[in-house]
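>>> I would like to see how this sequence folds:
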Amino acid sequence: MLSEEQRAEAVASLLESHRTKVQGERPSQMFPGIEIEDSYAISSAVAARKVKDGARIVGHKVGLTSRAMQASSKIDEPDYGYLFDDLVLQDGAVVPFESFCVPRVEPELTFILKEPLKGPGIGLVDVMRATEWVVPSIEIIDARVTEPRKIYDTVADNGAAAGIVLGGRPVRPEDVDLRWVGAVFYRNAGIEETGLAAGVLGHPAMAIAWLANKLGPLGTTLEPGHMVLSGSFTRPVWAEKGDTLHADFGPLGSVAVQFS
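Numbering: from 1, shown residues only. Model (predicted):
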């Protein structure tokens, strides 16, 4: 475990990368003895600083829930991060490329809760019962630390959360078989990735169950009104300045974001 001084040093480095949009040193490189508890403590401290500076937590993101994402990151377990109000964008948003270090994008489903969820013991049916809407989305991820990242680095870096674009046709969770929700993901006019939501732990609701069970023993409840990104079911797509990224969810509509 790291000392409080070491954790504070990692927090300061990450906050500086948020400010400058320049990647900083990996926590695992700074402190080879880092443990996963340290990483979550660092992430929570960065979140607390953001809240102190005026941001509002509006939910969580779950990452690394599919084989495609775990393979691309060389990481073999999910992680989570915080969603802040200033990360939430609407369909068609135009975002400055310079607002990120190395932006990438992923198609995902966002669960909007109407009832609280707190583990342990949360399962798929509990999540379905507690969910009001499922919304097609694009997540923008950004690495504020250099490669090659380990799970300790990704967790400390808030799961790489950098933006969430909501759009398409929101649906009630019981109105569609969420396992078979698919997306065709375009960069400009070219198809980059395709995938099915079943790639997320067999059913995207299981990502929300994993999060509730992970946070429950820590005293955290997933709150009504909060949104939870369930994780990508394709590999991430790199975004360059001027690119438009477009996720076509078929019957559930589409979502797009442009990097100016």
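>>> element containing residue 122?
Using DSSP states H and E, residue 122 maps to neither a helix nor a strand.
>>> so how far is residue 241 from it?
Distance of residue 122 to residue 241, given as C-beta to C-beta, to the nearest Å: 41 Å. Backbone N, C-alpha and C define where each C-beta goes, glycine included.
>>> which one of those two has more residues nearby?
When neighbours are counted by other C-beta atoms under 10 Å, residue 122 and residue 241 differ, and residue 122 comes out ahead with 23 against 10.
>>> check the closest residue in space to the more buried one that isn't next to it in sequence and give its pLDDT.
In space, and not counting its chain neighbours, residue 122 is closest to residue 212: 4.1 Å by C-beta to C-beta, 6 or more residues apart in numbering. pLDDT, the model's per-residue confidence, is 97 for residue 212.
>>> give the contact list for residue 212.
Contacts for residue 212 (C-beta atoms under 8 Å, 6 or more residues apart in numbering) come out as 117, 118, 119, 122, 126, 127, 222.
>>> what helix or strand does it sit in?
helix 205-215.
>>> could you point out the helix or strand that follows that helix?
strand 227-229.
>>> other SSEs contacting that next one?
For strand 227-229, the packing partners by 3 or more C-beta pairs under 8 Å, 6 or more residues apart in numbering; DSSP states H and E come out as strand 57-63, strand 104-113, strand 131-141, helix 205-215.
>>> in stretch 237-253, what counts as buried?
By neighbour count on 16 or more other C-beta atoms under 10 Å, the buried set for stretch 237-253 is 237, 239, 243, 244, 245, 246, 247, 248, 249, 252, 253.
>>> correction: the previous question concerned stretch 42-49.
42, 43, 44, 45, 46, 47.
>>> cool, and stretch 167-177?
Using 16+ other C-beta under 10 Å as the test for burial, stretch 167-177 gives 167, 168, 171, 173.
>>> same question, stretch 16-23
Within stretch 16-23, the residues that count as buried by 16+ other C-beta under 10 Å are 17, 18, 21, 23.
>>> same question, stretch 58-67
For stretch 58-67, the neighbour count (16+ other C-beta under 10 Å) marks 58, 59, 60, 61, 62, 63, 64, 65, 66 as buried.
>>> do the same with stretch 145-164
145, 149-164.
>>> returning to that earlier point: please identify the most buried of the helices and strands packed on strand 227-229.
strand 104-113 (a mean of 26; mean count of other C-beta atoms under 10 Å).
>>> give me the angle between that strand and strand 57-63.
With axes from the mean of the first three to the mean of the last three C-alpha atoms, to 10 degrees applied, the angle from strand 104-113 to strand 57-63 works out at 120 degrees.
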